[in-house]
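Chemist: Make a model of this:
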Amino acid sequence: MQEITAEIEKLRKELATLQADFMRPDFWRNSEQAIKKQKRAIQLKENIESLEAFKLDGVINEKSLSVFLSGEYDKKDAIISIQAGAGGRDAEDWVCLLLKMYQKYAESKNWAHKILFQTFGEAGGPEGRIGIKEIGIEIKGKFAFGFLKNENGAHRLVRLSPFSNKQLRQTSFAKVEVIPRIENEEINENILKADDLKVETFRSSGAGGQNVNRRETAVRITHLPTGLVASCQTERYQAVNKKIALEILAGKVLQFKEREQDLYLAKLKGEKVSADFGHQIRSYILHPYNLVKDHRTDIETTDTQAILNGDLEKFIYAEVSKLNKSL
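Modeler: Just a heads-up that it's a prediction; the model follows:
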C-alpha cells in the first residue's frame, strides 16, 4: 500500500506542475508542447484514478499487493533480457525501443539500471542507427523483480517500417525474459554444479561488430543439463564478468525449475497449460491507429508514446487488480 500511495503522490505533484503551466498567459505560444502537456495531464489523471481505485478497499488491496510481491525472489533486483524475434532489422530496432522503455520505467521508480551484455545488429536504416539482436540489463531497486516479473513473454510491434523505402507496415516481435539477480554467495551445488557448466571466454565487441577489447574478458557460461546460457561482457576484468554471468545463469536455472514444477502441478490438476515461454503478452500498435493492449488483463491505452517512455504502472498494477479479484 505504501508503494501505491507514494506513486499517487508523485503523479499528483507532476499533475499540479502541469496545471500551473496551463494558467500561464504564454502557454499556447508553443502549441506542439502545449498539446503534449495536455495529453500528459490526461494520462496522469487516468493513472491516479486507477491507483486510487486500489485504495478504496485498503485491507483487501494491501493483501493483494503483499501476495503479488510475496514470491521468494520478489524483493531482489531484476535482470531483463530482450531478444529480437521475427521482423529482421525492425525487430532489432524494436529491442532498442523496449530497452529505452524499461530504462525509463526504472528511472521513474528511482531504480538504477546497467547494461550487462549486448549483441548488435548491422548498421543501416534511418539516421544510420544500429539495432540490437539481444541485450541484458540489470535493474536495481526494492522489489524490482516482483514488479517486473510479469513482463515475461513476446511483445508485438505494428508500425510503418522506418527501414522500408515504400513505408510498408511491419509487424515485429521481441522476447522479454525477467529473472531475479541471485547473489554469488547464494549460489550452491543445488543450483549450479561445477561439472554442469561450460565456461567460454571471448572478446567483447561494440556496435557493428567493432572490437572494443583486445583481450578475452567477456564470459559465456552454458548450463549443460538445460542448455541455458548466460554471458557478461561489460566489465573490464574477466573474473568480474564470470561472477555476473554465474549470477545471471543461477537466476535462469531457478526460474526454469520453478516453471517445470508449475507445469507438472498443473498437469496433475488436469489443467491445460502452454510450455511456450514466449507467448504474446502485449501488442503495441502505432499504425494505422495508436493502441497498446495487454492481452492478459485486457488493459489498453491509446497513449502509446507514454508507454514507450516507461509509463508501465497501468499494466503492472492491473496484475495486482486481477489478483485482488481472485482473493
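Chemist: In contact with the spatially most central residue of the chain, which residues?
Modeler: Taking C-alpha atoms, centre = their mean, the centroid of the chain lies closest to residue 102, which sits 4.9 Å from it. Residues near residue 102 by C-beta atoms under 8 Å, 6 or more residues apart in numbering: 80, 82, 113, 137, 139, 148, 151, 310. All C-beta spots, glycine's among them, are computed from the backbone N, C-alpha and C.
Chemist: who touches the third one in this structure?
Modeler: Right, the one you point to is residue 113. 102-103, 106-107, 137-140.
Chemist: Between these, which sits nearest residue 25?
Modeler: residue 107 (32.5 Å; C-beta to C-beta).
Chemist: Tell me the spacing between that closest one and residue 14.
Modeler: For residue 107, the distance to residue 14 (C-beta to C-beta, to the nearest Å) stands at 14 Å.
Chemist: picking up where we left off before, output the contacts of residue 102 in a markdown table; the columns should cover secondary structure and distance to residue 170.
Modeler: Formatted as a markdown table, the contacts of residue 102 follow (DSSP: H, G, I helix; E, B strand; the rest coil; distance: C-beta to C-beta, whole Å):
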| residue | secondary structure | distance to residue 170 |
| --- | --- | --- |
| 80 | strand | 24 |
| 82 | strand | 18 |
| 113 | strand | 28 |
| 137 | strand | 25 |
| 139 | strand | 29 |
| 148 | helix | 27 |
| 151 | helix | 23 |
| 310 | coil | 23 |
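Chemist: Make JSON lines out of the residues you listed and add pLDDT.
Modeler: Below are the contacts of residue 102 laid out as JSON lines (pLDDT from 0 to 100):
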{"residue": "80", "pLDDT": "96"}
{"residue": "82", "pLDDT": "96"}
{"residue": "113", "pLDDT": "96"}
{"residue": "137", "pLDDT": "96"}
{"residue": "139", "pLDDT": "96"}
{"residue": "148", "pLDDT": "93"}
{"residue": "151", "pLDDT": "93"}
{"residue": "310", "pLDDT": "95"}
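Chemist: Report the buried members of those.
Modeler: 80, 82, 113, 137, 139, 148, 151, 310 (16 or more other C-beta atoms under 10 Å).
Chemist: Looking at those residues, spot the one nearest residue 158.
Modeler: Nearest to residue 158 among those is residue 82, at 17.9 Å by C-beta to C-beta.
Chemist: my guess is the closest one contacts residue 119, does it?
Modeler: No: at 10.9 Å, residue 82 and residue 119 do not qualify as touching, with contact defined as C-beta atoms under 8 Å.
Chemist: hey, what's in contact with both of those two?
Modeler: Jointly contacting residue 82 and residue 119 under the rule C-beta under 8 Å, 6+ apart are 132, 134-135.
Chemist: per-domain residue ranges of this structure.
Modeler: 2-56, 68-326 (automatic domain parsing).
Chemist: where does the nearest residue to residue 226 once chain neighbours are set aside land in three-state SS?
Modeler: Distances taken as C-beta to C-beta, 6 or more residues apart in numbering place residue 256 nearest to residue 226, at 5.7 Å, with adjacent residues excluded. In three-state terms, and counting by DSSP: H, G, I helix; E, B strand; the rest coil, residue 256 is helix.
Chemist: Give the burial count for residue 256, as a bare number.
Modeler: The tally of other residues near residue 256 (other C-beta atoms under 10 Å) stands at 17.
Chemist: And it, how close does it get to residue 179?
Modeler: Distance, residue 256 to residue 179, using C-beta to C-beta: 9 Å.
Chemist: With residue 281 instead?
Modeler: 16 Å.
Chemist: quick one: which of the two has more around it?
Modeler: Neighbours were counted for residue 281 and for residue 179 using other C-beta under 10 Å; residue 179 has more, 27 against 18.
Chemist: quick one: what helix or strand has the nearest residue to that one once chain neighbours are set aside in it?
Modeler: Nearest residue to residue 179 in three dimensions, chain neighbours excluded: residue 251, at 3.6 Å (C-beta to C-beta, 6+ apart). Residue 251 belongs to helix 238-268 when elements are defined using DSSP states H and E.
Chemist: Could you pull up the mean pLDDT of that helix?
Modeler: Here helix 238-268 scores 85 as its mean pLDDT.
Chemist: For it, list every residue counted as buried.
Modeler: 238, 241-256.
Chemist: Count residues in the vicinity of residue 193, would you?
Modeler: The number of residues packed near residue 193 is 12, by other C-beta under 10 Å.
Chemist: do the same with residue 128
Modeler: Burial of residue 128 is recorded as 8 neighbouring residues (other C-beta under 10 Å).
Chemist: Where does the prediction get shaky in the stretch 151-300 of the chain?
Modeler: Applying pLDDT under 70 to the stretch 151-300 of the chain flags residues 205-214, 264-278.
Chemist: Please consider this matter closed, and thank you.
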